[in-house]
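**Student:** Attaching a predicted model along with its sequence, questions to come.
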Amino acid sequence: MKAITAIIVATVCLVAFYILLHFNAAPLLTVLLYFSIPITIVIMVLSVLLDDSKPYPELDNEEWGYQDKNKDELSMF
């Protein structure tokens, strides 16, 4: 599942839950959505973290990966 799709599905579930709760919809449907929200959030987080559609350069010996600063200019805390 792509990250954008997971974000859209999680958002739709959260908005649908709020709308059903606000309009006093069927309790069974509201409870089912309530218990499915954590699952959709976990799936969304995993799909965003594991998304590799954008290539990122390897850091090699660069500890922090700052490409706009010289390594010697970076100091310790």
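**Tutor:** Yep, that arrived.
**Student:** What count of nearby residues applies to Ala25?
**Tutor:** 14 (other Cβ atoms under 10 Å). To be clear about C-beta, it is placed using only N, CA and C from the backbone, and glycine gets the same treatment.
**Student:** And it, what's its pLDDT?
**Tutor:** We have a pLDDT of 85 for Ala25.
**Student:** Nearest residue to it in space, ignoring adjacent ones along the chain?
**Tutor:** Spatially, and ignoring its direct neighbours in sequence, Ala25 is nearest to Ile19 (7.9 Å; Cβ to Cβ, 6 or more residues apart in numbering).
**Student:** helices or strands next to the helix or strand harbouring that neighbour in the packing?
**Tutor:** Ile19 is part of helix 3-22 when elements are defined by DSSP states H and E. Contact analysis of helix 3-22 by 3 or more Cβ pairs under 8 Å, 6 or more residues apart in numbering; DSSP states H and E lists helix 27-49 as its packing neighbours.
**Student:** Flag every buried residue along the helix it packs on.
**Tutor:** Using 16 or more other Cβ atoms under 10 Å as the test for burial, helix 27-49 gives 30, 33, 40, 44, 47.
**Student:** Just give me the closest of the residues you listed to Pro55.
**Tutor:** Ser47 (17.6 Å; Cβ to Cβ).
**Student:** coming back round to it: centre of the chain versus the helix holding Ile19, how much separation?
**Tutor:** Distance of helix 3-22 from the chain centroid (Cα atoms, centre = their mean, to the nearest Å) equals 13 Å.
**Student:** before we move on, what about stretch 34-46?
**Tutor:** 10 Å.
**Student:** re earlier: give me the buried positions along the helix holding Ile19.
**Tutor:** Under the neighbour-count rule (16+ other Cβ under 10 Å), helix 3-22 has 3, 6, 10, 13, 17, 20 buried.
**Student:** can you pull the pLDDT of Ile7?
**Tutor:** The predicted local confidence for Ile7 is 92.
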